[in-house]
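>>> No letters, just coordinates:
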């Protein structure tokens, strides 16, 4: 009877160990808070390309806290773009391309974005290229190069920081780049100012994985318990 109680205690402890095993997955694969734009981004594998026509005086730049503050962190810690990326009367096509990622199917992309005013026709696309490290977006305003997969299109822009979440399930088994594309048509009447902040590419798996030694301990305890019970009944 003492042995049976001891084995039962081992089984209970082992089971509790399994239940409290740390969850794996839910890992952050890429994190960007846009503290340094563009220098810090391009140094970390990001690429900025301006296909606006005619090209204007701005690109992706450090956020201006005087227009609106960041979603979190320092007031200017976000990536910003505006209609001046094209000359007056031109069309904006301004790309912000992420580093290469290899996707297994359980990842998601989340980020916050907003505009200063929703009255001026700002637009944003999130696109994907499965062509490895390629950053080919073509050279014309309407070209997309290798970035043929549209994951999100924002045509009615929020005036407060709003989070968007995109499942990357359909891209499983591919390796490539995600990209933001800021779009404005005819800057003589359209376009204002947008920001992007708090970007994460994360794994969505949250299944608990017990340690092998713990599973062995529990299995052994159960086996011994069964053996003792059989003998006590004989």
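Cool, the structure landed. What you see is a predicted model, and the numbers here were worked out from it, not measured in a lab.

>>> So residue 180 versus residue 88, what's the distance?
Separation of residue 180 from residue 88 (C-beta to C-beta, to the nearest Å): 24 Å. Placement of C-beta: from N, CA and C, glycine included.

>>> And these two? Which one has more around it.
Neighbour count, other C-beta atoms under 10 Å: between residue 180 and residue 88, residue 180 has more, with 22 against 11.

>>> In three-state terms, label the closest residue to residue 115 other than its chain neighbours for me.
What sits nearest to residue 115 in space, not counting adjacent residues and going by C-beta to C-beta, 6 or more residues apart in numbering, is residue 157, at 4.1 Å. Residue 157 carries the three-state label coil when classified by DSSP: H, G, I helix; E, B strand; the rest coil.

>>> so residue 157 makes contact with residue 122?
Yes. Counting by C-beta atoms under 8 Å, residue 157 touches residue 122, with 4.8 Å between them.

>>> intersection of neighbour lists for those two?
Contact criterion C-beta atoms under 8 Å, 6 or more residues apart in numbering; residues shared by residue 157 and residue 122: 115, 194.

>>> More neighbours: the two, which one.
The residue with more neighbours, out of residue 157 and residue 122, is residue 122; 27 against 20, by other C-beta under 10 Å.

>>> any idea how far that one is from residue 142?
17 Å.

>>> got it, and residue 92?
Per C-beta to C-beta, residue 92 is found 12 Å from residue 142.

>>> tell me which residues in stretch 90-108 are buried?
The neighbour-count check on stretch 90-108 (16 or more other C-beta atoms under 10 Å) flags 90-101, 103, 106-107 as buried.

>>> domains of this structure?
Annotated domains of the chain cover 1-22+208-234, 24-207 [automatic domain parsing].

>>> and those domains as JSON lines, adding mean pLDDT?
Output for the domains of the chain, formatted as JSON lines (pLDDT from 0 to 100):
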{"stretch": "domain 1-22+208-234", "mean pLDDT": "44"}
{"stretch": "domain 24-207", "mean pLDDT": "96"}
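
>>> looking at those, which is buried most?
domain 24-207 (a mean of 18; mean count of other C-beta atoms under 10 Å).

>>> Please identify which pair of the buried residues of stretch 90-108 lies farthest apart.
Spatially, the most separated pair among these is 90 and 106, at 41.0 Å (C-beta to C-beta).

>>> show me where this structure has helices.
Using DSSP state H, the helices of the chain run over 2-19, 39-42, 212-233.

>>> Wait, residue 51 touches residue 97, no?
No. If you go by C-beta under 8 Å, residue 51 and residue 97 don't touch, sitting 11.8 Å apart.

>>> Quick check: neighbours shared by these two?
Common neighbours of residue 51 and residue 97, counting by C-beta under 8 Å, 6+ apart, are residue 137.

>>> who's the residue lying closest to residue 31 once chain neighbours are set aside bridged to?
On the basis of C-beta to C-beta, 6+ apart, the spatially nearest residue to residue 31 that is not a chain neighbour turns out to be residue 200, at 5.6 Å. Beta-bridge pairing for residue 200 (DSSP bridges): residue 31, residue 110.

>>> ok, residue 200 - contacts?
Contacts of residue 200 by C-beta under 8 Å, 6+ apart are 28, 30, 31, 32, 109, 110, 111.

>>> Tell me how far it lies from residue 181.
From residue 200 to residue 181 the distance is 19 Å (C-beta to C-beta).

>>> Same check on residue 112?
Using C-beta to C-beta, residue 112 is found at 17 Å from residue 181.
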